[in-house]
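Visitor: Structure of the sequence below:
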Amino acid sequence: MVLPSLLLALLVRQYEPAKTWFGPQEVVFNVQYAGNPYDPAVNDVKVRFVNDNGLTVERTAFFDHGAWRTLLVAPLPGRYKATLIHNGRPSMEEPIPSVIVLDQKLPHGFVRRNKLNLNRLSYDDGGALFPFGFNLGWQTPGMAPMEDEIKKMAQAGLTWTRIWADDWDDKNPWWPHDEPFPIKDQLWRKALDRWGKITAACDDAGIDYQFVLFNGGAFSGEKGAEWAKNPWNVANGGFLKSADDFFTDPEAKRRAKMWVRYAVARWCGDPHLFAWELFDDVESTDAARDGRWKEIADWHKEMADTIRSLDPYGRAITTSSDLSHQEVWGSVDFYQPHFHDDSLPSTFATTTLPPDKPGFAGEFGPAHDLGDKERSFVNDVVWQSIRQNRAGAAMYWPWSRVEKLNLMPQFQTWARIISQSSVAQHPLGSAMAVTSTVGQADGLRDINWVMVRLRGADGKAPKLSWSGMIEGTWNATSFNLESGETTNDVAIAKGPKLQLSKVKGQDVVLWLQVSD
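Guide: The predicted structure is shown next:
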């Protein structure tokens with residue numbers, strides 16, 4: 001049964017045709033037009049690119065510090081001449097530079113939903129990915145600047161982070177802190193500049209970022225939430241009588257689309273944009289608590305459709321919400337629920353996500369600061385999420401505790417495990433029971449490849465067994481979750497039992513693969 005399964009796996013993994021992209025390169029037009037530069041009903045500005053062979057592509061432009069700009073990524077390399085199109089009419093303004101040259105191929109292309117392996121995301125070139133990192137939602141007082149934290153994440157081998165457009169650290173473009181209410185019908189430039197610096201830091205570090213466009217607290221009247229201070233609230237000179245109306249009010253939707261349009265125009269061509277996230281914790285809004293889920297689902301569809309109409313690269317879209325309301329998830333590309341509870345390690349062992357599209361936990365954390373116990377808590381949740389073999393590992397939420405509890409070395413070890421074990425290359429892997437003569441073990445297997453977590457080996461030489469084991473020689477790599485130390489071994493499977501040499505550490509992850 002092994003050979004047919006292997007052939008099937010290879011066919012599945014290689015079937016999707018690869019896509020290639022070249023760029024990015026930016027062009028600038030030093031021109032201004034009367035009226036609101038962020039409102040496409042007033043200023044619909046695009047850039048038309050034509051290469052030397054006549055290929056024509058069009059991109060939405062964005063306004064930034066007195067000029068119109070756009071970033072081009074194209075399916076073919078070469079020289080491209082740009083023309084500014086204002087409200088449907090070509091402009092005579094010359095671009096800077098006059099001609100751009102796309103000669104750099106994107107290493108992988110963009111992240112999108114894998115059409116064949118429904119549990120996974122993949123790159124345009126067909127390459128597999130299994131993201132791992134932690135949240136970095138906003139600038140936490142007392143911590144290093146977010147740009148420095150992003151560098152640390154990259155140095156530790158992490159690949160993913162998630163950032164909010166919140167107001168309290170100046171990233172909500174509709175919530176100015178240096179202008180009086182009522183807010184003008186324009187995006188706040190300080191927030192746009194803040195996003196520009198953070199995304200540039202991600203680009204420099206090679207960290208993929210998930211862009212959270214709206215957050216639930218801004219439209220929640222619960223204690224500690226933000227609706228009472230929201231500039232769209234009529235009490236502050238705004239236009240919404242109730243937070244519930246955010247999802248249906250025409251003016252709220254018009255402004256939401258202005259922000260979506262700007263974000264897509266500016267960042268859709270960024271190779272390190274992982275995905276668009278429409279909402280953080282939409283279940284925390286007043287509308288959700290009042291049962292207005294159809295309106296919330298309709299809003300999600302309308303905004304997702306808006307992004308898809310604007311984004312020429314078809315970047316992945318998600319949201320974060322209660323999984324029980326499937327109507328919300330129908331218009332997005334992957335699931336991303338959040339989990340916050342002290343009992344998560346046992347919960348994750350049995351948690352499943354709907355099988356019709358990819359998914360992974362965008363946030364996880366205990367309900368309380370667990371102190372010294374948080375390290376084992378993180379190990380247990382990350383491991384169980386890997387065993388689920390979804391689109392990525394579960395992503396830690398309380399990032400301030402990464403520094404406080406010195407968790408970065410632990411995340412670095414997990415990043416090495418994920419990278420070196422090539423779990424991204426095994427979408428067909430499944431959780432399995434493992435018997436060990438020493439300690440406790442469980443695992444994930446895919447034909448001739450296995451990951452096992454072994455606890456309590458106490459330096460002894462255990463024998464492992466599992467259903468379907470292939471007899472013969474296995475290469476084994478052991479990752480010590482306590483010290484980060486890596487050791488290599490050669491193991492013999494016979495009987496079927498796989499004999500390991502001395503295992504260093506009380507808590508290790510083993511990567512085993514049949515020797516060629």
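Visitor: use CA for all of it now, contacts and neighbours both
Guide: OK.
Visitor: give me the beta-bridge partners of the residue nearest in space to the middle of the chain?
Guide: For the chain, residue 210 is the residue whose C-alpha lies nearest the centre (Cα atoms, centre = their mean; 4.1 Å). Partner residues in beta bridges with residue 210, using DSSP bridges, are residue 162, residue 275.
Visitor: Is it in contact with residue 270, as I believe?
Guide: No: shown here, residue 210 and residue 270 do not form a contact pair, counting by Cα atoms under 8 Å, at 11.7 Å.
Visitor: Overlap of the contact sets of those two?
Guide: Where contact means Cα atoms under 8 Å, 6 or more residues apart in numbering, no residue is in contact with each of residue 210 and residue 270.
Visitor: hang on, residue 372 in a helix?
Guide: Yes: the assignment for residue 372 by DSSP: H, G, I helix; E, B strand; the rest coil puts it in a helix.
Visitor: picking that back up, gap between the residue nearest to the centre of the chain and residue 484?
Guide: Note on residue 210: its distance to residue 484, by Cα to Cα, to the nearest Å, is 28 Å.
Visitor: just residue 69 next, same as before
Guide: Here the distance between residue 69 and residue 484 works out to 46 Å (Cα to Cα).
Visitor: Kindly report the same for residue 443.
Guide: Distance check for residue 443 against residue 484: by Cα to Cα, it reads 19 Å.
Visitor: More neighbours: which of these two?
Guide: Higher neighbour count among residue 443 and residue 484: residue 443, with 23 against 19, using other Cα atoms under 10 Å.
Visitor: is that one in a bridge, and if so with what?
Guide: Residue 443 forms beta bridges with residue 432, residue 452, as assigned by DSSP bridges.
Visitor: Contacts only, for it.
Guide: The neighbourhood of residue 443, defined by Cα under 8 Å, 6+ apart, consists of 387, 431-434, 450-453.
Visitor: go with 6 Å
Guide: Applying Cα atoms under 6 Å, 6 or more residues apart in numbering, one finds that residue 443 lies in contact with 431-432, 451-452.
Visitor: quick one: pLDDT of it?
Guide: At residue 443, the predicted lDDT confidence score is 97.
Visitor: surely the residue nearest to the centre of the chain meets residue 272?
Guide: No: with contact taken as Cα atoms under 6 Å, residue 210 and residue 272 are classed as non-touching, separated by 8.9 Å.
Visitor: Quickly list what's touching both of the two.
Guide: Common neighbours of residue 210 and residue 272 (Cα under 6 Å, 6+ apart) do not exist.
Visitor: show me the residues around residue 191 that make contact.
Guide: By Cα under 6 Å, 6+ apart, the contact set of residue 191 is 170-173.
Visitor: Nearest residue to residue 231 in space, please, no chain neighbours.
Guide: Closest residue to residue 231 in three dimensions, ignoring its sequence neighbours and counting by Cα to Cα, 6 or more residues apart in numbering: residue 238, at 5.6 Å.
Visitor: where are the low-confidence patches of the stretch 151-300 of the chain?
Guide: Using pLDDT under 70 as the threshold, the predicted model of the stretch 151-300 of the chain has low-confidence ranges 181-183.
Visitor: ok, now with 80
Guide: Within the stretch 151-300 of the chain, the stretches falling below the threshold (pLDDT under 80) are 179-184.
Visitor: and the gap between residue 255 and residue 230?
Guide: When distance is defined by Cα to Cα, residue 255 is 14 Å away from residue 230.
Visitor: quick one: the residue nearest to the centre of the chain from residue 252, how far?
Guide: Here residue 210 is placed at a distance of 23 Å from residue 252 (Cα to Cα).
Visitor: next one: residue 283
Guide: Applying Cα to Cα, the value for residue 283 to residue 252 is 19 Å.
Visitor: More neighbours: which of those two?
Guide: residue 283 (21 against 16).
Visitor: pLDDT wise, what is residue 15 at?
Guide: Here, the pLDDT recorded for residue 15 equals 47.
Visitor: Please work out the average pLDDT along stretch 86-94.
Guide: In this model, stretch 86-94 has an average pLDDT of 96.
Visitor: so what are the domain limits for this protein?
Guide: According to automatic domain parsing, the chain comprises the domains 22-102, 135-215+255-423, 430-514.
Visitor: Quick check: end-to-end length of the second one?
Guide: Read that as domain 135-215+255-423. In domain 135-215+255-423, first residue to last residue: 21 Å (Cα to Cα).
Visitor: any idea how far that domain is from the chain center?
Guide: Averaging C-alpha positions (Cα atoms, centre = their mean, to the nearest Å) puts domain 135-215+255-423 6 Å from its chain's average.
Visitor: same deal with the shortest one?
Guide: Once both centres are worked out by Cα atoms, centre = their mean, domain 22-102 turns out to sit 28 Å from its chain's centre.
Visitor: distance between the ends of that domain?
Guide: From its first residue to its last, domain 22-102 covers 6 Å (Cα to Cα).
Visitor: now stretch 440-455
Guide: 5 Å.
Visitor: Then stretch 85-95?
Guide: The first and last residues of stretch 85-95 sit 12 Å apart, counting by Cα to Cα.
Visitor: Show me what counts as buried in it.
Guide: By neighbour count, and taking 16 or more other Cα atoms under 10 Å as the criterion, the buried residues in stretch 85-95 are 85-86, 94-95.
Visitor: Equivalent analysis for stretch 171-187, please.
Guide: By neighbour count with 16+ other Cα under 10 Å, stretch 171-187 contains the buried residues 171-177, 182-183, 187.
Visitor: Looking at those residues, which is nearest residue 403?
Guide: For the buried residues of stretch 171-187, the minimum distance to residue 403 (Cα to Cα) is 22.9 Å, reached by residue 171.
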